[in-house]
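Undergrad: give me coordinates for this.
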Amino acid sequence: MKNNRDFIAHLLMVTIALSLTACAKKNDHAGNSGLGSSAAVAPTAPTAPTAAQQQSSSVKPDPNYPIANYVNLTSGNQLMFLYYALSGMPPDYSKISQLYSQDYRNTSDAFKKQDILKALTPQIDAAISAAKNQHYLIWEADYTPISHYDFSKKSYSINSPYFQSASASGYFGDNNGYKIKFENGTDFVSLPVPDENLAKNIESRVSKSEAFNIKIYCFAQSADPSDDSINAVITRVELLTQTGIVLASYPAK
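TA: Modelled structure (predicted):
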């Protein structure tokens, strides 16, 4: 890469814009147990909410907010900018640059490092400002197993760690310093499928050990400084084939 400060600033501006743009194309992850190659999940100990979190949690998602306007999460950088947008904490520009910029990480020259930081600072501020208006998000996990059909409940159980515990957190491989947690995930472990024909279709796929994707639509409510995570409320869950066909959703359309 050229050692030209204007070139660096331009390249970083383009990269930030791409990370904040909603992605309509499904992520091509590879993994298992509901995890993708660029997204992962880790258990964390539950902590008591701070006063700031309690205040932010009073903001509830709009049930009529258009599904089409939700923003796809594709990078840990989005979670990082959203964390600062929600927490209201002063940005730690050095920490952000270390996680975000490969050039910043790889440069040992103190003057070059300072030049990169100066170029990044206004762009980081702009990204955090934009994130303040991006509370409605989509988290997608590939290769998620589901149980066989439960006739008594007329539902399938989604065997995803995101739905097993409110302390499970997801993160991206490109920037694993910031995470997302779903405080009401256990409410969505059961996916109602009352339509028998649809249930048979899904069951035939389960019997063949087909892999499924899940899309978690959520509303980011607050930030947790104890582990640099976003606390989100799930508003909708979709079960999809690996080719992106929606099989079932809850709440149903």
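Undergrad: the stretch 51-200 of the chain: strands as residue ranges?
TA: Along the stretch 51-200 of the chain, the stretches classed as strands by DSSP state E, counting those that start in this stretch are 71-72, 136-144, 155-157, 168-172, 175-182, 190-192.
Undergrad: low-confidence stretches in the stretch 1-150 of the chain?
TA: 1-58 (pLDDT under 70).
Undergrad: ok, now with 90
TA: Under the criterion pLDDT under 90, the flagged ranges of the stretch 1-150 of the chain are 1-60, 63, 143.
Undergrad: need the helices for it, in chain order.
TA: Assignment of helices within the stretch 1-150 of the chain using DSSP state H, counting those that start in this stretch yields the ranges 5-20, 51-56, 76-87, 93-100, 102-106, 110-131.
Undergrad: related to what we said a few turns ago, highest mean neighbour count out of the strands of the stretch 51-200 of the chain?
TA: When these are scored by mean count of other CB atoms under 10 Å, the highest mean neighbour count falls to strand 168-172 (a mean of 23). (Glycine included, C-beta is placed from N, CA and C.)
Undergrad: tilt between it and helix 76-87?
TA: Comparing the axes of strand 168-172 and helix 76-87 via axes from the mean of the first three to the mean of the last three CA atoms, to 10 degrees yields an angle of 120 degrees.
Undergrad: partners of strand 168-172, with directions?
TA: Here strand 168-172 has these sheet partners by DSSP bridges: strand 39-43 (antiparallel), strand 175-182 (antiparallel).
Undergrad: just to revisit the earlier point, for Lys113, which of the strands of the stretch 51-200 of the chain is the nearest?
TA: strand 175-182 (18.5 Å; CB to CB).
Undergrad: so how far is that closest one off the chain centroid?
TA: From the chain centre to the centre of strand 175-182 is a distance of 7 Å (CA atoms, centre = their mean, to the nearest Å).
Undergrad: show me what contacts Thr121?
TA: For Thr121, the contacting residues are Tyr93, taking CB atoms under 8 Å, 6 or more residues apart in numbering as the criterion.
Undergrad: and it, how far from Pro145?
TA: Using CB to CB, to the nearest Å, Thr121 is found at 44 Å from Pro145.
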